[in-house]
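Student: missing the sequence, but the structure's below:
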């Protein structure tokens, strides 16, 4: 095939999903107050499904709900519980505590499942338009009852979303204008209208503590995920009703004509808070209770943004979720194992300025690339920067010879391509593994047993168990990383760690306006062990032959409907069983041709299959060990051994039509027969006595 083309354009799947997605944040500064007034400075990390507090050394902090004090956490079976060590009063290392402890993978998965419980069954329909155009995003400012207002200025926030002054603008608008090659524009309109540079906002009727977990010191907080969800959705619905009359009816809010508002960003005051899934940046849907509408369109998909972390990297990440893309980091299992790392926006967000997207993500989820061409022949290939100004020649895909569901994607990334690529670890050729069985799943749910990563980026020392060095995933002559194959580091392996054969990439050039590499592929080989086989006359008579190949092969037998092949297509080496589907009741043998060919058709092999007529009284016992013929195929002479001669035994050789060409009595255990006068073809040797009759076929070259 010339290109790897999906049946459904990825962009047409925009806004299709209603699952929750979040930004994975690390080391968000936190200021906590103990019941006695002591101030604690620490950090929060995690995503919406699970985030936690910790100190600079990584020791986990949690609140003792009975006392209200923040203490260090300790392990208790598969969970963690508060210790008796109050934060700020002890050195956790000297107390024998362990840094980095957290809830179990099962508990982490259960927390995520709560957010992904069944929502409304109505799914988004495909867009009727092309994968280009303008999306009008709405942004609503919200403050809590006890908040005085926003610390950020209106101009700062609007530039972060809408700055289009240059191709170097660090904004949501410019990011998607750039990664889509100028095909898509996201324009954000803010409400309410500001007072100069001061951000005005909808003031909720509840204080901030109402949206925090319940504790001894916060008795108005929520208890459990159900109450958290109800409070969040109620808050946002109140805000929508407050702003709905302000939205012009002429503004197109439904890009894909599914009767839903494409997206709303709710920007609330404050900062993300550890151990609080509600007050954390995320993407979700208003699927509970009564619907809220704007200009006749239902409000459904939304981004929940926190003022203190409304960075370009966060808002672009969450918007890509709205465009249907999943996360490429692990949610709960082996979180230390990073399949893609900082090479993609959806894997490891750079807060101040987002990094670009891989070509595969643009193809599969953005819809800005129509296809990724497949390499099917050896040669030298050229790639241009994947996040440049054109979607042409930015990626290739390649299928290994021994793996069915996984393939390789190669792309070129260059740090000086634009402002966003400047956040990459380096420039060079990147080599990804794509698992087709988990397409459109991302890497978030991978558990390495039943669910595996959709995308994996090869890097030195990386295996299925070791993370390796992601900062050196880029290949180029500049770094003396110029080859990729079974004997390099890294090397090609599949999701279970098995070698991926037939991959040899060499001569990767230096970083420049483009990059070149050479693909070394063996010529298609197709070896079939015979060119003629025979079947006896009976219905369901069988025989077999062997295929040895380094490529995909296919079998046809259009001129022999009386034959059945047990395997019509495959890859590599196989034994193929041939079966007659009916008895040959005619007076002569019948023949058919089996054709085996690789994709190129240039190396096809034909096998002539002959089924004897039943009236010749030839009954073949192909698997008998009592008699041996060699060589087979034969040329000039044929040797027959028959070790158990204890009664008169005759030998005859028949043509395919049943004509006797040779006949003799066997007196010794071995006999040599002159066949120099036989023309090329298949023949039958029959040894018979009063007690048994054995027939075997042989070929004359």
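Tutor: It's in. Nothing here was measured: the structure is a model prediction, and the numbers come from that model.

Student: Tell me where the stretch 501-650 of the chain has helices.
Tutor: With DSSP state H, counting those that start in this stretch, there are no helices along the stretch 501-650 of the chain.

Student: mind listing the strands for it?
Tutor: Taking DSSP state E, counting those that start in this stretch, the strands of the stretch 501-650 of the chain run over residues 504-506, 515-519, 526-528, 532-535, 542-549, 552-556, 563-565, 569-571, 574-580, 590-597, 605-611, 628-635, 637-641, 649-654.

Student: how about these, which one is nearest residue 200?
Tutor: strand 515-519 (50.2 Å; Cβ to Cβ). C-beta coordinates here come from the backbone N, C-alpha and C atoms, glycine included.

Student: Lowest average confidence across the strands of the stretch 501-650 of the chain, which one?
Tutor: For these, the weakest mean pLDDT is recorded on strand 526-528, namely a mean of 75.

Student: Can you name every helix or strand that that strand contacts?
Tutor: Judged by 3 or more Cβ pairs under 8 Å, 6 or more residues apart in numbering; DSSP states H and E, the packing partners of strand 526-528 are strand 542-549, strand 590-597, strand 605-611.

Student: Of all these, which one is nearest residue 63?
Tutor: That would be, of the helices and strands packed on strand 526-528 and by Cβ to Cβ, strand 542-549, which comes in at 64.0 Å.

Student: elements contacting the closest one?
Tutor: Secondary elements touching strand 542-549 (3+ Cβ pairs under 8 Å, 6+ apart): strand 526-528, strand 532-535, strand 574-580.

Student: Quick check: buried residues in the second one?
Tutor: Buried residues in strand 532-535, counting neighbours by 16 or more other Cβ atoms under 10 Å, are found at 532-535.

Student: Farthest pair within those residues?
Tutor: Across those, the longest distance by Cβ to Cβ is 11.3 Å; it joins 532 and 535.

Student: Overlap in contacts, the two.
Tutor: Listed as contacting both residue 532 and residue 535 by Cβ atoms under 8 Å, 6 or more residues apart in numbering are 609-610.

Student: where are the low-confidence patches of the stretch 201-350 of the chain?
Tutor: Applying pLDDT under 70 to the stretch 201-350 of the chain picks out residues 332-336.

Student: ok, which stretches of it are strands?
Tutor: For the stretch 201-350 of the chain, strands defined by DSSP E, counting those that start in this stretch occupy the ranges 202-203, 264-268, 282-285, 293-294, 297-298, 301-306.

Student: Dump those into TSV; add mean neighbour count and distance to residue 35 as well.
Tutor: Shown next, in TSV, are the strands of the stretch 201-350 of the chain (neighbours: other Cβ atoms under 10 Å; distance: least, Cβ to Cβ, whole Å):
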stretch	mean neighbour count	distance to residue 35
strand 202-203	18	29
strand 264-268	24	26
strand 282-285	22	30
strand 293-294	18	44
strand 297-298	16	44
strand 301-306	23	25
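
Student: Is it possible to get JSON lines of those that adds distance to residue 147?
Tutor: Formatted as JSON lines, the strands of the stretch 201-350 of the chain follow (distance: least, Cβ to Cβ, whole Å):
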{"stretch": "strand 202-203", "distance to residue 147": "8"}
{"stretch": "strand 264-268", "distance to residue 147": "9"}
{"stretch": "strand 282-285", "distance to residue 147": "20"}
{"stretch": "strand 293-294", "distance to residue 147": "25"}
{"stretch": "strand 297-298", "distance to residue 147": "29"}
{"stretch": "strand 301-306", "distance to residue 147": "12"}
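
Student: looking at those, which is closest to residue 239?
Tutor: Relative to residue 239, the nearest member of the strands of the stretch 201-350 of the chain by Cβ to Cβ is strand 202-203, separated by 4.9 Å.

Student: what's the spacing between the closest one and its chain's center?
Tutor: Here the centre of strand 202-203 is set off from its chain's centre by 42 Å, with Cα atoms, centre = their mean, to the nearest Å.

Student: Counting by contacts, list what that strand packs against.
Tutor: Under the contact criterion of 3+ Cβ pairs under 8 Å, 6+ apart, strand 202-203 touches strand 133-143, helix 224-243.

Student: Provide the strand pairings for it, with the direction of each partner.
Tutor: Strand pairing for strand 202-203, determined by DSSP bridges: strand 133-143 (parallel).

Student: Need the contact partners of the partner strand.
Tutor: Applying Cβ under 8 Å, 6+ apart, the set of residues contacting strand 133-143 is 149-150, 161, 172, 183-192, 199-204, 235, 239-240, 243, 247, 251-253, 255, 261-269, 294, 319.

Student: That strand to helix 224-243, inter-axis angle?
Tutor: 110 degrees (axes from the mean of the first three to the mean of the last three Cα atoms, to 10 degrees).

Student: buried residues in strand 133-143?
Tutor: 135-143.

Student: Pick the most deeply packed of the helices and strands packed on strand 542-549.
Tutor: strand 532-535 (a mean of 23; mean count of other Cβ atoms under 10 Å).

Student: Pull the distance from that one to the chain's centre.
Tutor: What separates the centre of strand 532-535 from the centre of its chain is 45 Å, taken as Cα atoms, centre = their mean.

Student: what do you get for stretch 437-451?
Tutor: With Cα atoms, centre = their mean as the basis, stretch 437-451 stands 7 Å off its chain's centre.

Student: Count the neighbours of residue 270 for me.
Tutor: By the criterion of other Cβ atoms under 10 Å, residue 270 has 17 neighbours.

Student: That one: what's it in contact with?
Tutor: Residue 270 makes contacts with 144, 147, 208, 279, 306-308, as judged by Cβ under 8 Å, 6+ apart.

Student: for residue 345, same thing?
Tutor: Residues counted as contacts of residue 345 (Cβ under 8 Å, 6+ apart) are 313, 316-317, 320, 354-357, 361.

Student: mind redoing it with 7 Å?
Tutor: Taking Cβ atoms under 7 Å, 6 or more residues apart in numbering as the criterion, residue 345 is in contact with 316-317, 320, 354-357.

Student: Just send those residues back as CSV, with distance to residue 481 and neighbour count too.
Tutor: Converted to CSV, these look like this (distance: Cβ to Cβ, whole Å; neighbours: other Cβ atoms under 10 Å):
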residue, distance to residue 481, neighbour count
316, 30, 29
317, 29, 27
320, 29, 26
354, 26, 27
355, 20, 25
356, 21, 27
357, 23, 28
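
Student: Which element, helix or strand, includes residue 671?
Tutor: strand 670-674 (DSSP states H and E).

Student: who does that strand touch, helix- and strand-wise?
Tutor: In terms of contacts (3 or more Cβ pairs under 7 Å, 6 or more residues apart in numbering; DSSP states H and E), strand 670-674 is packed against strand 637-641.

Student: neighbouring strands for the strand it packs on, and are they parallel or not?
Tutor: Assessed with DSSP bridges, strand 637-641 is paired to strand 628-635 (antiparallel), strand 670-674 (antiparallel).

Student: mind listing what's buried in it?
Tutor: 638, 640.

Student: my read: residue 397 touches residue 406, true?
Tutor: No - Residue 397 is beyond contact range of residue 406, at 10.8 Å (criterion: Cβ atoms under 7 Å).

Student: Need the distance between the two termini of stretch 135-154.
Tutor: Start-to-end span of stretch 135-154 (Cα to Cα, to the nearest Å) is 21 Å.

Student: same thing with stretch 366-377?
Tutor: 29 Å.

Student: before we move on, what about stretch 211-226?
Tutor: Per Cα to Cα, stretch 211-226 runs 13 Å from first to last residue.

Student: One more: stretch 520-533?
Tutor: Note: stretch 520-533 ends 36 Å apart using Cα to Cα.

Student: Go ahead and measure how far that stretch is from the middle of the chain.
Tutor: On Cα atoms, centre = their mean, the centre of stretch 520-533 falls 32 Å from the chain's centre.

Student: cool, stretch 575-595 as well?
Tutor: That offset, for stretch 575-595, works out to 44 Å (Cα atoms, centre = their mean).

Student: do the same with stretch 322-331
Tutor: The answer for stretch 322-331 is 11 Å, by Cα atoms, centre = their mean.

Student: what's the answer for stretch 545-564, then?
Tutor: Here stretch 545-564 is found 32 Å from its chain centre; the criterion is Cα atoms, centre = their mean.

Student: Perfect, I'm done here.
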